[in-house]
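# missing the sequence, but the structure's below:
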């Protein structure tokens with residue numbers, strides 16, 4: 001994961017922006033107590049957060065994924081966002097599940113993003129600035145605690161978006177759903 005909650009700064013931070021290596025980092029889900037450490041500081045990969053194995057996620061935590069399976073790569077085959085939302089199959093992608101098949105030319109695994117859950121996992125695993133396809137970034141696809149304050153998303157968004165938060169209520173008279181996408185944490 002590239003973002004985690006900084007206990008010192010009391011906000012979510014990107015791994016590339018971390019300056020205090022003594023800081024403690026927690027899961028972005030305010031209800032989860034999983035602790036992360038900064039990894040690959042001097043490695044070949046850009047900095048990212050890895051969960052300490054001694055601090056598991058709570059049951060049904062949306063951030064409890066195998067993040068490395070969903071990291072953006074050149075061999076990943078991505079379906080159009082609107083086709084995913086409409087549950088349309090790609091002609092070239094008959095199997096809708098997240099699967100890997102080995103490319104005969106490169107010998108590497110080919111991964112497919114073709115369901116809403118896979119798209120959510122992709123968005124959680126990558127930076128908000130990562131381009132999904134056709135100029136659409138992760139930040140254009142999802143609204144969560146990483147970007148709720150950007151572009152006044154807290155006032156509402158238009159268009160199709162994945163929203164990662166808690167449903168507060170549904171007002172049947174106005175047909176409005178109220179969500180809680182918290183930026184501040186009480187950890």
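Received, thanks. These figures come from a predicted structure and were not determined experimentally.

# give me phi/psi at residue 175?
With angles defined as degrees, to the nearest 10, residue 175 shows backbone torsions of phi 60, psi 50.

# how close does it get to residue 13?
Noted for residue 175: a distance of 37 Å to residue 13, by C-beta to C-beta, to the nearest Å. (Glycine included, C-beta is placed from N, CA and C.)

# neighbours around residue 69, how many?
A total of 15 residues lie near residue 69 under the criterion other C-beta atoms under 10 Å.

# which one of residue 175 and residue 13 is surrounded by more residues?
For residue 175 against residue 13, the residue with the higher neighbour count under other C-beta under 10 Å is residue 13, and the figures read 21 against 7.

# contact partners for that one?
Listed by C-beta atoms under 8 Å, 6 or more residues apart in numbering, the contact set of residue 13 reads 3, 4, 5, 6, 25.

# what helix or strand is the third one on?
Spelled out, it's residue 5. Per DSSP states H and E, residue 5 falls inside strand 3-6.

# neighbours around residue 59, how many?
The number of residues packed near residue 59 is 7, by other C-beta under 10 Å.

# wait, a strand at it?
No - remark: residue 59 does not belong to a strand; assigned using DSSP: H, G, I helix; E, B strand; the rest coil, it is coil.

# just read off the phi/psi values of it.
Main-chain dihedrals, residue 59, degrees, to the nearest 10: phi -60, psi 140.

# pLDDT at it, what is it?
If you check residue 59, the pLDDT there is 85.

# check the gap between it and residue 131 for me.
Plainly put, residue 59 is 33 Å away from residue 131 if you go by C-beta to C-beta.

# re the thing from before, what strands line up against the strand holding residue 5, and which way round?
Paired with strand 3-6 in the same sheet, following DSSP bridges, are strand 11-14 (antiparallel), strand 25-26 (antiparallel).

# which other residues reach that strand?
Surrounding strand 3-6, the residues in contact under the criterion C-beta under 8 Å, 6+ apart are 11-15, 18, 23-28, 30, 36, 49, 127-128, 146, 185, 187.

# what do you get for stretch 116-134?
So stretch 116-134 is in contact with 1-3, 14, 62-63, 65, 67-72, 78, 80-81, 84-85, 98, 112-113, 137-142, 144, 146-147, 150, 162, 164, going by C-beta under 8 Å, 6+ apart.
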